[in-house]
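Participant: could you look at this predicted model? Sequence included:
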Amino acid sequence: MSSVRARFVVPLALALTVTLAPAVAVSASASTAPTGVSTTAGSGTRAATGVSTSLTSVSTSAAVAVRLPNGVLASRAALRNAVFRGRLVIREASRYVGIAYRAGGTSPRTGFDCSGYTRYVFARLGISIPRVSRAQYASMIHISRAQAVPGDLVFFHDPNGRVYHAGIYAGGNTVWHSPHTGTRVQHSRIWTSAVYFARVRL
């Protein structure tokens, strides 16, 4: 199975607005929380300790900020930070709670299957990942459970190691996912130890 690297999607339409960001430093380390990241709500600005629903901008020193399809301004450097990116991923993932499972579904309008859901959430951050769960896992950086942070991906596998289900790790041994026919997008406990963890390549 060929490995497909995750990449930034830049639509031809003017959905993404590119601007020069002011000089505010952001840590690029995946192991530490970002510093100097601010969120803006109206005219007030506060340090980011989580991701507020009012988040509208992210700035980095001498970086180019891109307005993502979900309206957030973020730089590529900021999105490379696994902890910061994960906060955006979890916020986006939680927006679709209650959307019905549908085999082959890839959007809130049609419903989601497991990998359709994970792919859609990352696409909303301008990050493209493959369509099916096995290809998603093959394209990513494989990490241990101990290395995983919220916003990484969880892949469920059978006794032969074959991936059959994908979800978004939410921390605390929980996952956002679209489980199977008759269910809806939900936040669940990870019910098995037969899982792989992976992180998108940026």
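Facilitator: Nice, thanks for sending it over. Residues are numbered from 1 along each chain as shown.
Participant: for this protein, which strand is longest?
Facilitator: Longest strand in the chain, counting residues (DSSP state E): strand 163-171.
Participant: any residues touching that strand, and which ones?
Facilitator: The contact list for strand 163-171 (C-beta atoms under 8 Å, 6 or more residues apart in numbering) reads 89-90, 93, 114-115, 118, 121, 133-134, 136-137, 148-158, 175-177, 179, 187, 196-197. All C-beta spots, glycine's among them, are computed from the backbone N, C-alpha and C.
Participant: in PyMOL, how would I select the buried members of these?
Facilitator: Restricted to buried positions by 16 or more other C-beta atoms under 10 Å, the PyMOL selection for the contacts of strand 163-171 reads:
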select buried, resi 89+90+93+114+115+118+121+133+134+136+137+148+149+150+151+152+153+154+155+156+157+175+176+177+179+196+197
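Participant: okay, domains of the protein per the record?
Facilitator: 7-90, 98-199 (automatic domain parsing).
Participant: from the contact counts, what lies against the longest helix seen in the chain?
Facilitator: Secondary structure of the chain per DSSP state H: the longest helix is helix 82-94. Contacts defined by 3 or more C-beta pairs under 8 Å, 6 or more residues apart in numbering; DSSP states H and E place helix 82-94 against helix 76-79, helix 114-123, strand 163-171, strand 174-177.
Participant: for that helix, which positions count as buried?
Facilitator: Ala82, Val83, Phe84, Arg85, Gly86, Arg87, Leu88, Val89, Ile90, Arg91, Glu92, Ala93.
Participant: okay, the helices and strands packed on helix 82-94 in TSV with mean pLDDT and distance to Thr192 next?
Facilitator: Listed next are the helices and strands packed on helix 82-94 as TSV, based on pLDDT from 0 to 100; distance: least, C-beta to C-beta, whole Å:
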stretch	mean pLDDT	distance to Thr192
helix 76-79	86	30
helix 114-123	97	14
strand 163-171	98	10
strand 174-177	98	11
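Participant: export the ones you listed to JSON lines and tack on distance to Tyr101?
Facilitator: Shown next, in JSON lines, are these (distance: least, C-beta to C-beta, whole Å):
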{"stretch": "helix 76-79", "distance to Tyr101": "28"}
{"stretch": "helix 114-123", "distance to Tyr101": "8"}
{"stretch": "strand 163-171", "distance to Tyr101": "11"}
{"stretch": "strand 174-177", "distance to Tyr101": "10"}
